[in-house]
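Q: model this:
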Amino acid sequence: MTGFSPSDAAMAGFRVIGERWRVVVGWSLFNVVALVAMVVLTVIVAFGVAAASSGGAVALSGELGGLVALLGAALTEAVLAAGLFRLMLRPDQPGFLHLRLGADELRILAVWGVMLAGVFLLIGVSAVVVAAGRKLGPLGGVAAWLAVAAGGLWLALRLSLATVTTFAERRITLSASWRLTRGHVWSLLGMAVLSACIVALLAFLFTLALLAVLSLTVGFGSVIDAFNDPEALKSHPGVYLVELAAELALTPVAAVLLLAPWVAAYEALRGEPA
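A: Just a heads-up that it's a prediction; the model follows:
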């Protein structure tokens, strides 16, 4: 038996923030700087390709810029995720704010790529199964869809610790997650639902607070116009900038609240204190 408690694990992110809040603030600043740098690099790549070519290369420059933005965002999130794992699992390992760029981060990206490929594969299988179920009638289609959803959720929970185990064992592994989660699917589901509800509630409260602050500074009518009128960006650019900066700064906080429970679950299921 292990000491895994879904409710206790779901609160792991709050413990990390409470004990190491300076590090989390540093991650927020890093996220803002990294994504701004990524935007600048994307613009440079897009304009560089467009300037060097002509005609159809303009579309190519946009595609290359989008690819750079996607890879940059993924790498930034991998660095932040590895930083959290390093803080919780290897706190003595050197790194600025526990952040590094090396094999750990690349392995995390590889696992995410494998999981993404699995999602696309599951979508394809789901389409075939649901189509076959619909041939049996409306109830057959509903039953097939429910079966596919339940199977996909079960697989996701069995592999939910793959990123953490890959970081902890310094090798890409799915089998370790499969082994650790055996018999704990319902507990992990409860932990995931609880932590997601907490983050959703905090996001709602943050949105209300942001709307209140913007309403006091630029007026409630201007805020409504900024969100409803596509042309409002020209007249109310500050609203968008404040919203974007706040979202970028708080993204690492949300990541800590969502990812720390899985690290705590990994520690508990290995029989270690969370």
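
Q: which residues of this protein score low on pLDDT?
A: The model of the chain has pLDDT under 70 over residues 1-2, 45-66, 214, 216-242, 272-274.

Q: For the protein, which segments are assigned as helices?
A: With DSSP state H as the definition, the chain shows helices at residue ranges 6-10, 12-19, 21-52, 57-89, 103-134, 138-158, 162-169, 175-180, 185-218, 220-228, 232-235, 237-269.

Q: Just name the most buried of these.
A: helix 162-169 (a mean of 22; mean count of other C-beta atoms under 10 Å). Any C-beta I mention is one placed from the backbone N, CA and C, and that applies to glycine too.

Q: Please state the offset of that one from the chain centre?
A: When distances are taken as C-alpha atoms, centre = their mean, to the nearest Å, helix 162-169 is centred 16 Å away from the chain's centroid.

Q: And for stretch 196-204?
A: That offset, for stretch 196-204, works out to 14 Å (C-alpha atoms, centre = their mean).

Q: related to what we said a few turns ago, possible to save the helices of the chain as TSV with distance to Gly95?
A: Below are those laid out as TSV (distance: least, C-beta to C-beta, whole Å):
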stretch	distance to Gly95
helix 6-10	25
helix 12-19	16
helix 21-52	11
helix 57-89	6
helix 103-134	10
helix 138-158	30
helix 162-169	13
helix 175-180	23
helix 185-218	25
helix 220-228	39
helix 232-235	38
helix 237-269	15
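
Q: Looking at those helices, which is nearest to Phe96?
A: helix 21-52 (8.4 Å; C-beta to C-beta).

Q: Which strands or helices does the closest one pack on?
A: Secondary structure elements in contact with helix 21-52, counted by 3 or more C-beta pairs under 8 Å, 6 or more residues apart in numbering; DSSP states H and E, are helix 57-89, helix 237-269.

Q: Phe14: which of these is closest?
A: Using C-beta to C-beta, the nearest of those to Phe14 is helix 237-269, at 7.2 Å.

Q: orientation of that closest one relative to helix 21-52 in degrees?
A: 120 degrees (axes from the mean of the first three to the mean of the last three C-alpha atoms, to 10 degrees).

Q: what's helix 237-269 packed up against?
A: Contacts defined by 3+ C-beta pairs under 8 Å, 6+ apart place helix 237-269 against helix 6-10, helix 12-19, helix 21-52, helix 57-89, helix 162-169, helix 185-218, helix 220-228.

Q: out of the ones you listed, nearest to Ala255?
A: So among these, helix 57-89 is nearest, using C-beta to C-beta, at 5.9 Å.

Q: mind saving the C-alpha coords of stretch 188-199 as CSV?
A: Taking Å, rounded to 0.1, in the frame of the first residue of the first chain, the C-alpha atoms of stretch 188-199 are listed here in CSV:
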residue,chain,number,x,y,z
LEU,A,188,-5.8,9.9,-10.3
LEU,A,189,-9.0,10.9,-11.9
GLY,A,190,-10.3,12.4,-8.7
MET,A,191,-7.0,14.3,-8.2
ALA,A,192,-7.1,15.6,-11.8
VAL,A,193,-10.7,16.8,-11.5
LEU,A,194,-10.1,18.5,-8.2
SER,A,195,-7.0,20.3,-9.4
ALA,A,196,-8.7,21.3,-12.6
CYS,A,197,-11.7,22.7,-10.7
ILE,A,198,-9.4,24.7,-8.4
VAL,A,199,-7.5,26.2,-11.4
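
Q: Chain neighbours aside, what residue packs nearest to Ser177?
A: In this structure, Ser177 finds its nearest non-sequential neighbour in Leu161, 3.9 Å apart by C-beta to C-beta, 6 or more residues apart in numbering.

Q: Now for that neighbour, how many residues are close by?
A: 26 (other C-beta atoms under 10 Å).

Q: and it, what does it touch?
A: 176-177, 180-181, 262, 265-266, 269 (C-beta atoms under 8 Å, 6 or more residues apart in numbering).

Q: any idea how far it is from Arg170?
A: 15 Å (C-beta to C-beta, to the nearest Å).

Q: try Gln93
A: The gap separating Gln93 from Arg170 is 11 Å, by C-beta to C-beta.

Q: Likewise for Ala264?
A: 20 Å.
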